[in-house]
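> sequence? don't have it. structure:
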Ligand SMILES: O=C(O)CCC(=O)C(=O)O
Ligand SMILES: [Fe+2]
């Protein structure tokens, strides 16, 4: 899907002060990041666990209310400026992270406190993330076993909470492991989570009407010919279709993703061999992708991703047609396909963000050169809680534009916007339509599907 910049993101001064306080080794990162420029594409660096990975978020977690940033359409959203004095209450954690190993420990494993949705958790997460700028939360997770790396991190809210005693034991284990200089040939971060993450909170029945029926019915009922005034061209090649996915279709998408997602090839928390994990759960359709191996691990029959459901592809093509109608209407020409090429998806990356989920600014640039060269669009469906989505020319949060993606929205970016930096700064709690949650049983959080053509 995407590679992005490793060292070229900018640390805020607050990040830098905290980094300096907590880890001598962090200074290396600070100096390299402050001297770097925002050139569009840089070589990836994966050898050092001190380096920052693709998708590491540049955003402080959402706790404070001091800084506002313009977002469109009209809503103003807190961009998560935080109060350091409200930071981590866990002395246990601080003891473990104040030492000189702090940064390496944190980048090597993460624990997440899964008492969802509480202010306390958000406050305690502040220092954790400020320390290394990547990912680290205190709390319990599922101890992974399929790979040789001891995995303590899980964004699986269903993971049971463990006592602080057991955190300590696990942390020691990882510390020893790291200090032993152990190196495994297979440190694939994939599938350390067993069983797969369930995006729904209880088992759901499928309706009589399948998503195929609904999509076809919508296609033939004529209402798709109109271009809603809510839809917007955000930049050349970038279109936001508000409310494009009806309630029923959203429910069906959730159910379909849930069914696929609890199977062995389903949702897991992706990450790097050495380093941080993404703050989301992910499943691939059509073709596998992960942040470490990109699209390269697709030969193994066991790891074959499920096919993209036909109804999903129909929706994508319909969304692009709608975007064309909007572009033509706004430009007064019939040039839309040149500005936003048509695309038939063969990959879908499904992300589930819990309330604390996020995704750093990145480019989607692991698809083929041909696909990227033609500007074949990324088509993104949002379902569940709203997201504060940032986008811009550079991997720079300060300069990025923001837009709120709500349940049912479809965002398309192709043509000259194809290589735009983008990311999810935060999930807006309790913003999902209640009817969707009731009917689909989707967990608190946001489901996102990004369709691409390899
Ligand atoms: O969740 C989103 O809106 C964006 C996801 C994304 O950028 C990706 O999966 O590459
Ligand atoms: Fe992306």
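That came through, no problem. What you see is a predicted model; the values in this text were computed from it and never measured. Ligands and ions are numbered 1, 2, ... in the order given.

> return the residues of the stretch 251-400 of the chain in contact with ligand 2.
residue 364 (C-beta under 5 Å from the ion). C-beta here means a position set from N, CA and C on the backbone, and glycine is covered the same way.

> in the stretch 251-400 of the chain, what residue is nearest ligand 2?
Residue nearest to ligand 2 within the stretch 251-400 of the chain (C-beta to the ion): residue 364, separated by 4.2 Å.

> pLDDT below threshold where in the stretch 301-450 of the chain?
Along the stretch 301-450 of the chain, the model assigns pLDDT under 70 to residues 301-303.

> which residues of it fall in helices?
Listed in chain order, the helices of the stretch 301-450 of the chain (DSSP state H, counting those that start in this stretch) span 310-331, 336-339, 369-374, 434-440.

> flag every buried residue along the second one.
Read that as helix 336-339. 336, 339 (16 or more other C-beta atoms under 10 Å).

> and for the longest one?
When neighbours are counted by 16+ other C-beta under 10 Å, the buried residues of helix 310-331 are found to be 311-320, 322-328.

> and for stretch 341-352?
341, 343, 345-352.

> do stretch 409-418 as well
Those would be 409-415, 417-418, for stretch 409-418 by 16+ other C-beta under 10 Å.

> looking at those residues, which is nearest residue 377?
If you rank the buried residues of stretch 409-418 by distance to residue 377 using C-beta to C-beta, residue 414 comes first, at 2.6 Å.

> closest to ligand 1 out of the helices of the stretch 301-450 of the chain?
Among the helices of the stretch 301-450 of the chain, the nearest to ligand 1 by C-beta to the nearest ligand atom is helix 369-374 (13.4 Å).

> briefly note if the closest one comes near ligand 1.
No: applying C-beta under 6 Å from any ligand atom, one finds helix 369-374 separated from ligand 1 by no less than 13.4 Å.

> residues in contact with residue 442?
Listed by C-beta atoms under 8 Å, 6 or more residues apart in numbering, the contact set of residue 442 reads 199-201, 254, 383-384, 432, 436.

> quick check: beta-bridge partners of it?
Counting by DSSP bridges, residue 442 is bridged to residue 200.

> burial measure for residue 263, as a count.
12 (other C-beta atoms under 10 Å).

> surely it touches residue 197?
No: under the criterion of C-beta atoms under 8 Å, residue 263 is not in contact with residue 197, lying 11.6 Å apart.

> show me the shaky parts of the stretch 151-300 of the chain.
Residues of the stretch 151-300 of the chain that meet the cut-off, pLDDT under 70, sit at 151-193, 203-210, 214, 216-226, 297-300.

> gap between the two ends of stretch 366-383?
24 Å (C-alpha to C-alpha, to the nearest Å).

> so residue 436 sits against residue 407, correct?
Yes: at 6.0 Å, residue 436 counts as touching residue 407 under the criterion of C-beta under 8 Å.

> what do those two both touch?
Common contact partners of residue 436 and residue 407 (C-beta under 8 Å, 6+ apart): 250, 383-384.

> need these in a markdown table with neighbour count and distance to residue 373, can you?
Output for these, formatted as a markdown table (neighbours: other C-beta atoms under 10 Å; distance: C-beta to C-beta, whole Å):
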| residue | neighbour count | distance to residue 373 |
| --- | --- | --- |
| 250 | 24 | 33 |
| 383 | 28 | 31 |
| 384 | 27 | 34 |
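
> quick one on the thing from earlier: near ligand 1 too, which of the buried residues of stretch 409-418?
Okay, of the buried residues of stretch 409-418, nothing touches ligand 1 (C-beta under 6 Å from any ligand atom).

> and these, which is closest to residue 307?
The shortest approach to residue 307 among these belongs to residue 410, at 20.9 Å (C-beta to C-beta).

> list the residues that contact the closest one.
240-241, 244-245, 319, 379-382.

> which of these fall within strands?
With DSSP state E as the criterion, strands contain 240-241, 379-382 from among those.

> restrict those residues to contacts with ligand 1.
With C-beta under 6 Å from any ligand atom as the criterion, these include residue 380 near ligand 1.

> out of the ones in strands among the contacts of residue 410, who's nearest ligand 1?
residue 380 (5.1 Å).

> beta partners for that closest one?
residue 411, residue 450.

> OK, contacts around it?
With contact taken as C-beta under 8 Å, 6+ apart, residue 380 is in contact with 405, 410-413, 448-451.

> now, among these, which is nearest to residue 359?
Nearest member of those to residue 359, counting by C-beta to C-beta, is residue 448, at 8.9 Å.

> and that closest one, what does it touch?
Contacts for residue 448 (C-beta under 8 Å, 6+ apart) come out as 350-353, 380-383, 387, 424.

> same thing with residue 424?
Residue 424 touches 353, 357-359, 387-390, 446, 448, counting by C-beta under 8 Å, 6+ apart.

> who wins for neighbours among these?
residue 387 (29 neighbours).

> my guess is that one contacts residue 428. True?
Yes: in this structure, residue 387 is within contact of residue 428 by C-beta under 8 Å, at 7.1 Å.

> who touches both of those two?
Jointly contacting residue 387 and residue 428 under the rule C-beta under 8 Å, 6+ apart are residue 404.

> I'd like to know how many residues surround residue 401.
18.

> in the sheet, which residues pair with it? Tell me.
residue 391.

> picking up where we left off before, would a markdown table of the helices of the stretch 301-450 of the chain with distance to residue 284 be doable?
Supplementary listing: the helices of the stretch 301-450 of the chain in a markdown table, determined by distance: least, C-beta to C-beta, whole Å:
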| stretch | distance to residue 284 |
| --- | --- |
| helix 310-331 | 13 |
| helix 336-339 | 28 |
| helix 369-374 | 16 |
| helix 434-440 | 21 |
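
> quick one: closest of these to residue 281.
Among the helices of the stretch 301-450 of the chain, helix 434-440 sits nearest to residue 281 (C-beta to C-beta), with 16.2 Å.

> can you list the neighbours in contact with the closest one?
With C-beta under 8 Å, 6+ apart as the criterion, helix 434-440 contacts 200, 204, 247, 250-251, 254-255, 383-384, 407, 442.

> that helix: which residues count as buried?
Those would be 436-437, 439-440, for helix 434-440 by 16+ other C-beta under 10 Å.

> greatest separation within those residues: which pair is it?
Counting by C-beta to C-beta, the most remote pair of these is 437 and 439, 7.6 Å apart.

> check what pLDDT the residue in the stretch 51-200 of the chain positioned nearest to ligand 2 gets.
At 8.5 Å from ligand 2, residue 55 is the closest residue in the stretch 51-200 of the chain, using C-beta to the ion. Per-residue confidence (pLDDT) for residue 55: 71.

> confirm it sits in a helix?
No: the assignment for residue 55, made by DSSP: H, G, I helix; E, B strand; the rest coil, is coil rather than a helix.
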